[in-house]
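> Compute the structure for the input listed below.
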Amino acid sequence: MFRGKSALDLLKLGDTRFATNFIMLDSMLEVREALQELVFNREWREWNGKSNHSDDGDKVRDCVLQSGFWKNLEEVLALTKGTVALL
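Predicted structure coming up:
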């Protein structure tokens, strides 16, 4: 469903490096609009309603729709950008 909303792929965490956490967070910021569109999608609501993990899906939806989440994400990335570049 996500790939239908975004030309970019959502990067996943790697096991090998510390910086992959920040690369993944930066990736999330790049696909913010697609993530927000996804949780409003009828297909998402139907899938989440049938899923054994609907509580988790609800938490994801709530998080993606909170402006505070995105503000905090931007702040974390701004604070760590120099350190990650050094690594």
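
> isn't Leu35 right next to Val64, touching?
Yes. The criterion here is CB atoms under 8 Å, and Leu35 meets it with Val64 at 4.9 Å. For the C-beta atoms, the positions are set from N, CA and C on the backbone; glycine is no exception.

> tell me the centre residue of the protein?
Met28 (4.0 Å; CA atoms, centre = their mean).

> More neighbours: which of Leu35 and Val64?
Shown here are Leu35 and Val64; by other CB atoms under 10 Å, Leu35 has more neighbours (20 against 17).

> State the helix or strand in which the more buried one lies.
helix 32-40 (DSSP states H and E).

> in that helix, what counts as buried?
Buried residues in helix 32-40, counting neighbours by 16 or more other CB atoms under 10 Å, are found at Ala34, Leu35, Glu37, Leu38, Val39.

> do stretch 42-53 as well
Neighbour-count burial for stretch 42-53 [16+ other CB under 10 Å]: Trp44, Asn48.

> From the chain's centroid, how far away is that stretch?
18 Å (CA atoms, centre = their mean, to the nearest Å).

> And Asn21, what's its pLDDT?
Note for Asn21: predicted pLDDT of 79.

> what's the spacing between it and Ser54?
Note on Asn21: its distance to Ser54, by CB to CB, to the nearest Å, is 27 Å.

> Pull out the buried residues from whatever helix or strand Ala78 lives in.
Per DSSP H and E, Ala78 falls inside helix 67-86. Within helix 67-86, the residues scored as buried using 16+ other CB under 10 Å are Trp70, Thr80, Val84.
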